[in-house]
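quick one: sequence plus predicted model below, questions after.
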Amino acid sequence: MTPTAGQPDRDRPSAGREGGVLAVDPLLDDPRTRIVVCCGAGGVGKTTTAAAIGLRAAEQGRRVVVLTIDPARRLAQSMGIDALDNVPRRVKGVDEAAGGELHAMMLDMKRTFDEIVEAHADPERAAAILANPFYQSLSAGFAGTQEYMAMEKLGQLRARDEWDLIVVDTPPSRSALDFLDAPGRLGSFLDGKLIRVLMAPAKVGGRAGMKFLNVGMSMMTGALGKLLGGQLLRDVQTFVTAMDTMFGGFRTRADATYRLLQAPGTAFLVVAAPEQDALREAAYFVERLAADRMPLAGLVLNRVHGSEAAHLSAERALAAAETLSGAGDEARDEGQRAGEENLAGPGIVDQEGGKTGLRSDDAPEASPELPGSPSPRAARLQPPARPEPTGPHGSDRLAVGLLRLHAERMRLLAREQRTRDRFTALHPEVPVAEVAALPGDVHDLSGLRDIGARLAAAGAHDDGGGTTPAAGTQPARD
């Protein structure tokens, strides 16, 4: 019996203790780990996690290839590669002192399909298939083709035995697990009535076969002709006839790859963020992997926020901010009253003689005004500046802003903790590695190394004492 997710197996790669904290380095260092599949919702750092894991394993001495099925270009950009294609490209700038290498590639669905046809059909039949209009449409974007081709490419990479670790970055959302269904969908398609009808002429042979099809199934083909068009139906028949000898090989290879994903050398990592929707998707992945008997290594929880002043609660921070804010208001009121008192003295408009009423007879004659300097009259008419709070008052305003910002951070931490607690309550058997939120995006090898180090540090902080996943990890704080 193949162990389900969370069940120990002495033949499986080491992925840390059941439940608790996910230890990433032991998983990557274990030579029995040959495939790591990263799956999760979109926008949770899944591609970054896959690239960081691949880089860390390579710099620890393993020959690694990272395969991305996600059509986004983030993986190539973070690894300093202009573009990725269906051929593994060696990544420059990797520390290869330990003897490891890092390669990266992106699945080209059509090219992979073409390679299968060229490898499993004679040249004449392969040329006929590749030129068939129905095949060209099927290989370029038919529903489910991408997932099946991902299974094929993974099987090809594993069979070549050129790399001792394959890291797979899957598409976002629940389609990330669609490739698990590819063998079943393919089998249903090949065993379906439509394919058997279309293959009937090839089974019977030549004109007799076409006569049999035209006479015995004229109603069905007539309906298909009206629905699909006569030319499209002929293209489909030609394609199915040419592919007849290859259908069994498709199913065999897909089933073999499916068994490979269930094998002890494979580890699935579910990637999420401490948000309600992302962890709901993560719970779905965990349950689906367990139902399909796929080996789950654990959960990587990205973008976890923290605080160096966690002892100061949001309530206390807000109370202190209100106290300081009240003291600052009193200081501003006092300054305003002082300014009003300065304006309360006699002015020109209060004197019967106007300007002369403010001037003494024996006052000395005013000195000549310098160019650019205000006149004495303008200086007397200018109201005194309102005193701005300085010194401790300005510091108070800064402290009030910081306290309110801290209160918002503590509320965010509380929400994230509640969300994590709900997940761990549902799946206490799943080990978790938490990675602290970064101030910016990761776009180069240095950033990927940082992520890998944070992943390793999350597992290194576990003392093996049976702590829960939520409480056992203390990631580096941003």
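That came through, no problem.

for A57, phi and psi?
phi -60, psi -40 (degrees, to the nearest 10).

my guess is it contacts L28, does it?
Yes. Between A57 and L28 a contact is recorded at 4.3 Å, counting by CB atoms under 8 Å. C-betas here are computed from N, CA, C, even on glycine.

okay, and the common contacts of those two?
L165 (CB atoms under 8 Å, 6 or more residues apart in numbering).

just for the protein, where's the confidence low?
1-19, 70-72, 141-144, 172-176, 182-184, 186-233, 243-245, 247-248, 327-394, 460-478 (pLDDT under 70).

so where do the strands sit in it?
Remark: strands assigned in the chain by DSSP state E are 35-40, 63-68, 89-90, 101-106, 165-169, 266-272, 296-304, 432-436.

what's the closest of those strands to E408?
Between E408 and those, the shortest gap by CB to CB is with strand 296-304, which sits at 16.3 Å.

what's the angle from that closest one to strand 266-272?
30 degrees (axes from the mean of the first three to the mean of the last three CA atoms, to 10 degrees).

which residues touch strand 296-304?
With CB under 8 Å, 6+ apart, strand 296-304 has contacts from 5-6, 13, 15-16, 22, 27, 36, 38, 44-45, 48-49, 267-274, 282, 286, 289-290, 416, 420, 423, 430-438, 455, 469, 475.

which non-adjacent residue is nearest E147?
Counting by CB to CB, 6 or more residues apart in numbering, F179 is the residue found nearest to E147 once chain neighbours are left out, at 3.9 Å.

contacting residues around that neighbour?
So F179 contacts 69, 147-148, 150-151, 170 (CB under 8 Å, 6+ apart).

of those, which is the nearest to D161?
Of the contacts of F179, the one sitting nearest to D161 (CB to CB) turns out to be M151, at 17.8 Å.

quick one: residues contacting the closest residue to the closest one other than its chain neighbours.
Spatial nearest neighbour of M151, excluding adjacent residues (CB to CB, 6+ apart): T257 at 4.5 Å. Contact partners of T257, counting by CB under 8 Å, 6+ apart, are 151-152, 154-155, 158, 183.

can you list the strands of the chain in TSV and add mean neighbour count and distance to L402?
Putting the strands of the chain into TSV (neighbours: other CB atoms under 10 Å; distance: least, CB to CB, whole Å) gives the following:
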stretch	mean neighbour count	distance to L402
strand 35-40	27	35
strand 63-68	25	41
strand 89-90	14	47
strand 101-106	23	42
strand 165-169	26	39
strand 266-272	26	31
strand 296-304	26	22
strand 432-436	26	20
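
hmm, back to that, any idea which of the contacts of F179 is closest to A263?
M151 (14.0 Å).

that closest one contacts D255, doesn't it?
No. M151 is beyond contact range of D255, at 9.6 Å (criterion: CB under 8 Å).

pull the most distant pair out of the contacts of T257.
So, the contacts of T257 by CB to CB: farthest apart are R158 and P183, at 15.5 Å.

okay, those two: which has more neighbours?
Neighbour totals were compared for R158 and P183, and P183 leads with 22 against 19 (other CB atoms under 10 Å).

and the closest residue to L154 other than its chain neighbours, how close does it get to V64?
Spatially, and ignoring its direct neighbours in sequence, L154 is nearest to T257 (5.9 Å; CB to CB, 6+ apart). Distance of T257 to V64, computed by CB to CB, to the nearest Å: 19 Å.
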